[in-house]
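Colleague: Predicted model and sequence follow; I will ask about them next.
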Amino acid sequence: MVVGICVGETNLNEVTFISNKMPQVGQYVTIEYDGRKVLGMVENLVRGNDALNVDINDFKAIQKISKIGVEDNYIRGKVKILGDVNDSLRLPRTPVLPGTEIELADAEILKEIFKVTNPIKLGSLVNQSDVDVNVDANPILSRHLAILAMTGAGKSNTVSVLIDQLLGYNVPVFVFDMHGEYKGAEFPNGNVNVIRPKINPKYMNFYEIKKLVNIPSNGYIQERHFRKAFKEAKNRIEDGVAHENNFLKLIYDILEVYSQEEKADKQIVDVMNKIDDSMDRYSNLFDQYTGNILTSIKKAHVNVLDLSQVDEAVASVLVSHILRNSLQRSKNAANNGNKEELLDNSVFYILEEAHILAPQKRDSDSKRWIQRVAREGRKFGLGLCLVSQSPKTVDHDALSQMNNMIILRLVEPEDQRHVQSASESLSQDLVNQLPSLNVGEAIVLGLMTKVPTLVKIDKFQGRQHGDDMDIVSHFRDSLEREAEEIQKQEDELLDMGYDY
């Protein structure tokens, strides 16, 4: 089917066409010239009419013309050149000849393009539902992914579809679950392993604890006192003689003894005060009887760290602790030359509410380690997926390391600009499509796919939480129950002979 004809000057990246039939933005087309067949995508469309151009300022004249009827409407569009179909989608070295016809791409060509080695089926083409969209799993796991959308656009469904597909490959998925959406979910391809948000202090190093207590970098005397108490507390835990399960309280008690021995040294009292402040924030974080979180990760499971009952400060500590230890463990395996152990340590980390854990305008421990894993993780088998409904507040450095993106509906211009500045593959024409996407529709781009794609994401087949609450039905039903209860009481009174 002919879509249009190339007009004007063409170049290696795009062509303009004129048509009398309306194609759809996101449709794939082919252009044959110079002995090759080139694939393109319709990225921009406008309708016009020469008889009703913007130079006519007389309303009555326009009204008369429109009543008479005009037949010289035209459709002008732009096609982005994606590559030679028969040459691994390499870009051609010569531009399209003006006057060349543009045709809709054959479904068989598209099915071949979306055939990948390790397929993850996200859905189907928005404009051709008979063509499945498969992306390659390896680039997702090694080169990271961002899933971005405004609230209600289908983000949670997309994450669930992705998780279920990864479970089919036995990949250990680890979700930092900020709102408890996944702890009760059910996945057709695997089970959920819920992990408690607790850290055994013996797996934390001195600098992690020092940051929690806010000992300044130039507080040398305070650091010396704190280090001494920290070592003694860890020794007590490792020897099994510590009866206090709150690690900070244990250090506090040890320092209290020091203060009595050293005649209330002011520096020791200052450290005790800082610990006292920290205990309010981190009182429920430590558990000396729990194991190493990393050893709790199970393959072919969704490993869910339930952060719904902790505040942002504790969540930041847990994220930084897990990512730091995971990266160090993988580095140790790599340095030992143990490739099998390195692969066994591979984990795909999904960070819900990435704008909280890696904020754009303030520093946090979790942000620093997310940036670190984003830069180094691919060398050591660690993958990241940043999920957010507020892209503009996600750290730009971390977001720019996401070599793959699934972008659902985004309306706010600042969100769009922030995402575009972090992605080399997101053209302005694709950005312009973001506000018009329907629920569950997404632009998919990056190393995981050969071409940018408009996808209708599949409906997740398992059970998930996180859907919008039906508040109206709840209160309507409760009102009906109250009315039924009142009627029941009245009937009972009538049966007892009371008349009112």
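Modeller: Thanks, I have the structure now. Residues are numbered from 1 along each chain as shown.
Colleague: pLDDT on stretch 423-443, on average?
Modeller: Mean pLDDT, stretch 423-443: 91.
Colleague: Kindly report the same for stretch 227-234.
Modeller: In the prediction, stretch 227-234 has an average pLDDT of 92.
Colleague: Identify the residues contacting that stretch?
Modeller: With contacts defined as Cβ atoms under 8 Å, 6 or more residues apart in numbering, stretch 227-234 is touched by 201-202, 206, 209-210, 242, 247, 250-251, 254-255, 258, 271. Where C-beta positions appear, they are placed from N, C-alpha and C, glycine not excepted.
Colleague: Can you give me the buried ones in that stretch?
Modeller: For stretch 227-234, the neighbour count (16 or more other Cβ atoms under 10 Å) marks Ala229, Phe230, Glu232, Ala233, Lys234 as buried.
Colleague: would you turn the residues you listed into a markdown table with distance to Glu376 and secondary structure?
Modeller: Formatted as a markdown table, those follow (distance: Cβ to Cβ, whole Å; DSSP: H, G, I helix; E, B strand; the rest coil):
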| residue | distance to Glu376 | secondary structure |
| --- | --- | --- |
| Ala229 | 33 | helix |
| Phe230 | 28 | helix |
| Glu232 | 34 | helix |
| Ala233 | 31 | helix |
| Lys234 | 28 | helix |
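Colleague: Which positions in stretch 330-341 come out as buried?
Modeller: So, applying 16+ other Cβ under 10 Å, buried residues of stretch 330-341: Ser330, Lys331, Ala333, Ala334.
Colleague: Report the rounded mean pLDDT for stretch 77-92.
Modeller: Stretch 77-92 carries an average pLDDT of 94.
Colleague: Ok, stretch 109-118 next?
Modeller: On average, stretch 109-118 scores 93.
Colleague: Using PDB, write out every CA atom in it.
Modeller: The C-alpha trace of stretch 109-118 is given here as PDB (Å, rounded to 0.1, in the frame of the first residue of the first chain):
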ATOM      1  CA  ILE A 109       9.500  -7.700   7.500                       C
ATOM      2  CA  LEU A 110       8.500  -6.300  10.900                       C
ATOM      3  CA  LYS A 111       8.300  -9.800  12.500                       C
ATOM      4  CA  GLU A 112      11.800 -10.500  11.300                       C
ATOM      5  CA  ILE A 113      13.000  -7.200  12.800                       C
ATOM      6  CA  PHE A 114      11.500  -8.000  16.200                       C
ATOM      7  CA  LYS A 115      13.000 -11.500  16.200                       C
ATOM      8  CA  VAL A 116      15.800 -11.400  18.900                       C
ATOM      9  CA  THR A 117      18.000 -14.000  20.500                       C
ATOM     10  CA  ASN A 118      16.600 -13.800  24.100                       C
END
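Colleague: I'd assumed Gln165 was in contact with Asn189.
Modeller: Yes: with contact defined as Cβ atoms under 8 Å, Asn189 reaches Gln165; the gap is 7.4 Å.
Colleague: Just want to know which of those two has more residues nearby.
Modeller: For Asn189 and Gln165, the more surrounded residue by other Cβ atoms under 10 Å is Gln165, and the numbers stand at 22 against 16.
Colleague: Tell me the secondary structure of that one, please.
Modeller: Secondary structure for Gln165, judged by DSSP: H, G, I helix; E, B strand; the rest coil, is helix.
Colleague: Now do the contacts for it.
Modeller: Ile120, Lys121, Leu122, Ala137, Asn189 are the contacts of Gln165 under Cβ under 8 Å, 6+ apart.
Colleague: Of those, which belong to strands?
Modeller: Among the contacts of Gln165, the residues falling in strands (DSSP state E) are Ile120, Lys121, Leu122.
Colleague: low-scoring pLDDT stretches of this protein, where are they?
Modeller: Applying pLDDT under 70 to the chain flags the ranges 51-72, 262-264, 465-475, 498-500.
Colleague: Can you tell me who the spatially most central residue of the chain pairs with across the strands?
Modeller: Centroid-nearest residue in the chain, with Cα atoms, centre = their mean: Val387, separated by 2.1 Å. Per DSSP bridges, the residues bridged to Val387 are Ile147.
Colleague: can you tell me how far it sits from Gln464?
Modeller: Going from Val387 to Gln464 by Cβ to Cβ, to the nearest Å gives 14 Å.
Colleague: Adding distance to Val317, write the buried residues of stretch 227-234 out as a markdown table.
Modeller: Formatted as a markdown table, the buried residues of stretch 227-234 follow (distance: Cβ to Cβ, whole Å):
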| residue | distance to Val317 |
| --- | --- |
| Ala229 | 19 |
| Phe230 | 16 |
| Glu232 | 22 |
| Ala233 | 17 |
| Lys234 | 17 |
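Colleague: which one of those residues sits closest to Glu9?
Modeller: Nearest to Glu9 among the buried residues of stretch 227-234, counting by Cβ to Cβ, is Phe230 at 70.0 Å.
Colleague: roughly how far apart are the closest one and Ile81?
Modeller: Separation of Phe230 from Ile81 (Cβ to Cβ): 61 Å.
Colleague: what's the answer for Tyr28, then?
Modeller: 12 Å.
Colleague: When these two are compared, which one has more neighbours?
Modeller: Set Tyr28 next to Ile81 and count neighbours by other Cβ under 10 Å: Tyr28 wins out with 24 against 20.
Colleague: Count the neighbours of the residue nearest to the more buried one when sequence neighbours are not counted for me.
Modeller: Residue nearest to Tyr28 in three dimensions, not counting chain neighbours: Ala105, with 3.9 Å by Cβ to Cβ, 6 or more residues apart in numbering. Neighbours of Ala105 under the rule other Cβ under 10 Å: 24.
Colleague: residue contacts, Ala105?
Modeller: Taking Cβ under 8 Å, 6+ apart as the test, what Ala105 contacts is Gln27, Tyr28, Val29, Thr30, Leu39.
Colleague: Check the secondary structure at the third one for me.
Modeller: Just to be clear, that refers to Val29. Classified using three-state DSSP, Val29 is strand.
Colleague: Give the ChimeraX command for selecting the buried subset of the contacts of stretch 227-234.
Modeller: In ChimeraX, this line selects whichever of the contacts of stretch 227-234 come out buried by 16+ other Cβ under 10 Å:
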select :201,209,210,242,247,250,251,254,255,258,271
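Colleague: List just the nearest of the contacts of stretch 227-234 to Glu353.
Modeller: Glu353 lies nearest to Ile209 out of the contacts of stretch 227-234, by Cβ to Cβ, at 25.3 Å.
Colleague: so what's that closest one up against?
Modeller: Contact partners of Ile209, counting by Cβ under 8 Å, 6+ apart, are Pro201, Phe230, Phe247, Leu248, Ile251.
Colleague: From Met405, how far off is the fourth one?
Modeller: Translated: Leu248. 40 Å.
Colleague: Restricted to buried residues, select the ones in strands among the contacts of Gln165 in ChimeraX.
Modeller: Here is the ChimeraX command that selects the buried residues among the ones in strands among the contacts of Gln165 (16+ other Cβ under 10 Å):
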select :120,122
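Colleague: Quick check: of the ones in strands among the contacts of Gln165, which lies closest to Pro92?
Modeller: Nearest to Pro92 among these is Leu122, at 28.4 Å by Cβ to Cβ.
Colleague: wouldn't that closest one be in contact with Ile140 here?
Modeller: No: using Cβ under 8 Å, Leu122 makes no contact with Ile140, being 10.5 Å away.
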